[in-house]
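# Model the following, please.
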Amino acid sequence: MPDAAPLFQVRGLVTRFRTEAGEIFPSRDVSFQIHAGEVLGLVGESGSGKSVTARSAIRLQQPESATLAGELLYRGQDLRGLDGESLRRLRAQEIAMVVQDPAAALNPVLTIGAQLTRIHRLHGGSAAEAERVALDLLQRMRIAEPESRLAAYPHQLSGGMRQRVLIALALMCRPKLLIADEPTTALDVTVEAEILALLDELRREMGMAMLVISHNLSVIGRMCDRVAVMYAGRIVEEGPTRELLAAPRHPYTRALLASVPRGSKEDGPLPAIPGEPPDLARLPPGCPFQARCPEVGPACTATQALRPIAPGRAAACWRAEAA
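Numbers count the residues shown, from 1 in each chain. Predicted coordinates:
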């Protein structure tokens, strides 16, 4: 990546929740950075801490006390030092998020037009300008009859159309950083491909950076410049997408790639990662993947830090350098 300072940088993020089962840490010493115009993928099984990490990184996680430690630097300014109003203004103008469930994210009692134009008007735009921008975005999102959709309510739209509206809502103020949390999970493959293509087109046009969160490696491979692999609240491998997918260095990354469907009946049964992810309230000492790892060894009983293993590559495994 360029030598310029990152647009967004997370350093040593620790997130804790108190539950009846005990304290859990969905983010444990998580660090990553995103440069302007870059797309970083965050991938891992459900429950690995991806969404909590993203929400904590932009201080959307509740309660606020859940974020115990870390620096959250946007253009060099630590978000943890901003008051509520400054933070809301920054998130509205420069940082936006698309979640995986538009039915829950969209207000069911407001029309699509009211929700889209409200964002623009909150930042000083006129009603006419807000409607023009909203209509243009709906057209860009390939929504049929966009004028009539402005008067529709969320329940009157299909799942794919609601997802497109949610993306349009996130882009109303042309953010510099877009966080897309499983943006196509509930959609069929055809609609998924269309929405990913639209996101990529709009990202390039607006010069946005993106953090794409997914358990789908095909989405990550299609969208991202770099990828970080999460397991049990930690990043266990990071690197340029093509290099990492072609030659993964951590056993967990290799197991994820082996479980991707290849589309051929001759491949036989789809390999599954044995066992279950560890209970975050009762993490074992050492590497949290050791109970499921086919390459486990004596060194796995010690905590494995994420460390450089090649230019632009890092992994948290004692065998990574020799992989």
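# dump the residue contacts of the most centrally placed residue in the chain.
Residue closest to the average C-alpha location in the chain (CA atoms, centre = their mean): residue 213, at 2.6 Å. Counting by CB atoms under 8 Å, 6 or more residues apart in numbering, residue 213 touches 41, 42, 43, 50, 51, 54, 179, 180, 181, 182. Where C-beta positions appear, they are placed from N, C-alpha and C, glycine not excepted.
# 10 Å instead?
Counting by CB atoms under 10 Å, 6 or more residues apart in numbering, residue 213 makes contact with 40-44, 50-51, 53-55, 97-100, 179-183, 185, 219-220, 230.
# now residue 114
Per CB under 10 Å, 6+ apart, neighbours of residue 114: 107, 134, 150, 151, 153.
# Do a quick rundown of the helices in the stretch 101-250 of the chain.
102-105, 112-121, 127-140, 146-149, 159-171, 189-206, 217-223, 241-246 (DSSP state H, counting those that start in this stretch).
# any idea which of those helices is most buried?
Highest mean neighbour count among the helices of the stretch 101-250 of the chain (mean count of other CB atoms under 10 Å): helix 159-171, with a mean of 23.
# Against which helices or strands is that helix packed?
strand 95-98, helix 102-105, helix 112-121, helix 127-140, helix 146-149, strand 177-181, helix 189-206 (3 or more CB pairs under 10 Å, 6 or more residues apart in numbering; DSSP states H and E).
# Which residues does the last one contact?
Translated: helix 189-206. Counting by CB under 10 Å, 6+ apart, 37-39, 98, 137, 140-142, 158-161, 163-164, 167-168, 170-171, 174-176, 178, 180, 183-187, 208-210, 212, 216, 218-219, 222-223 sit against helix 189-206.
# switch to 6 Å and redo it
For helix 189-206, the external contacting residues (CB atoms under 6 Å, 6 or more residues apart in numbering) are 160, 174, 184, 210.
# ok, now the first one?
With contacts defined as CB under 6 Å, 6+ apart, strand 95-98 is touched by 58, 166, 167, 170, 175, 177, 178, 179, 180, 183.
# Narrow the residues you listed to those that are buried.
Among the contacts of strand 95-98, those classed as buried by 16 or more other CB atoms under 10 Å are 58, 166, 167, 170, 175, 177, 178, 179, 180, 183.
# Identify the residues contacting the fifth one.
Going back to what we said before, that points to residue 175. By CB under 6 Å, 6+ apart, the neighbours of residue 175 are 94, 95, 96.
# From the structure, what's the count of residues near residue 107?
By the other CB atoms under 10 Å criterion, the neighbourhood of residue 107 contains 12 residues.
# Dihedrals phi and psi, it?
phi -80, psi 120 (degrees, to the nearest 10).
# dump the residue contacts of it.
residue 115.
# same thing but 10 Å
114, 115, 118, 153, 154.
# I'd guessed the second one sits against residue 149; true?
No: Residue 115 is beyond contact range of residue 149, at 11.5 Å (criterion: CB atoms under 10 Å).
# which residues do these two both contact?
In contact with both residue 115 and residue 149: 134, 165, using CB under 10 Å, 6+ apart.
# What I need now is the contacts of residue 107 written out in JSON lines, including distance to residue 311 for each item.
Shown next, in JSON lines, are the contacts of residue 107 (distance: CB to CB, whole Å):
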{"residue": "114", "distance to residue 311": "50"}
{"residue": "115", "distance to residue 311": "45"}
{"residue": "118", "distance to residue 311": "46"}
{"residue": "153", "distance to residue 311": "52"}
{"residue": "154", "distance to residue 311": "47"}
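# show me where pLDDT drops low in the stretch 101-250 of the chain?
Along the stretch 101-250 of the chain, segments meeting pLDDT under 70 span 122-125, 186.
# can you rerun that using 80?
Across the stretch 101-250 of the chain, the ranges flagged by pLDDT under 80 are 103, 119-126, 184-189, 191.
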